[in-house]
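> output the structure for:
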Amino acid sequence: MSEAGKIALCAVLAGLMLAVAIASALRSPAKDQRAPATVLAPEALAADPDLRRCRIITMPDAGCEAAWEARRRHFFGSDDRR
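Residues are numbered from 1 along each chain as shown. Presented below is the predicted three-dimensional model:
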């Protein structure tokens, strides 16, 4: 391939890359079809005294484990299929 052909090929590829970059920049962002994740407000934890108490203890506690498991089931749904 001659030097002029290589230069022309590079120019065509650069032009194509520039066109793709401009087209993607001008394109409107796609809307996310999923609902956004919700963050548990501190007030929600404050409403449940077991969870509020369990946030600060460091030793294992059966009551706390049950409370957190109930919160997980509520958050993820009660579907037990895995």
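> work out for me the element Ser78 sits within.
Using DSSP states H and E, Ser78 sits in no helix or strand.
> confidence score at it?
Predicted confidence (pLDDT) at Ser78: the value is 70.
> now for the chain, the helix or strand with the poorest mean pLDDT.
Lowest on mean pLDDT, DSSP states H and E among the helices and strands of the chain sits helix 42-47, with a mean of 60.
> give me the buried positions along the helix or strand following that one.
Next helix or strand after helix 42-47 toward the C-terminus (DSSP H and E): helix 49-54. By neighbour count with 16 or more other C-beta atoms under 10 Å, helix 49-54 contains the buried residues Asp50, Leu51, Cys54. C-betas here are computed from N, CA, C, even on glycine.
> now, which of those residues sits nearest His74?
Nearest to His74 out of the buried residues of helix 49-54 is Leu51 (C-beta to C-beta; 11.1 Å).
> next one: the closest one from Gly5, what distance?
Note on Leu51: its distance to Gly5, by C-beta to C-beta, to the nearest Å, is 71 Å.
> now Ala23, what's its secondary structure?
helix (DSSP: H, G, I helix; E, B strand; the rest coil).
> mean confidence score for stretch 52-68?
Mean predicted lDDT for stretch 52-68 stands at 86.
> what is the end-to-end distance of that stretch?
11 Å (C-alpha to C-alpha, to the nearest Å).
> does Pro29 count as helix, strand or coil?
Taking three-state DSSP as the rule, one finds Pro29 in the coil state.
> contact partners for it?
Residues near Pro29 by C-beta atoms under 8 Å, 6 or more residues apart in numbering: none.
> tell me how the chain divides into domains.
For the chain, whose domains are defined here by automatic domain parsing, the residue ranges read 1-27, 48-82.
> buried set for the shortest one?
In terms of neighbour count (16+ other C-beta under 10 Å), domain 1-27 has no buried residues at all.
> average pLDDT for it?
The model assigns domain 1-27 a mean pLDDT of 94.
> so how far is that domain off the chain centroid?
What separates the centre of domain 1-27 from the centre of its chain is 35 Å, taken as C-alpha atoms, centre = their mean, to the nearest Å.
> and stretch 16-34, by the same measure?
20 Å.
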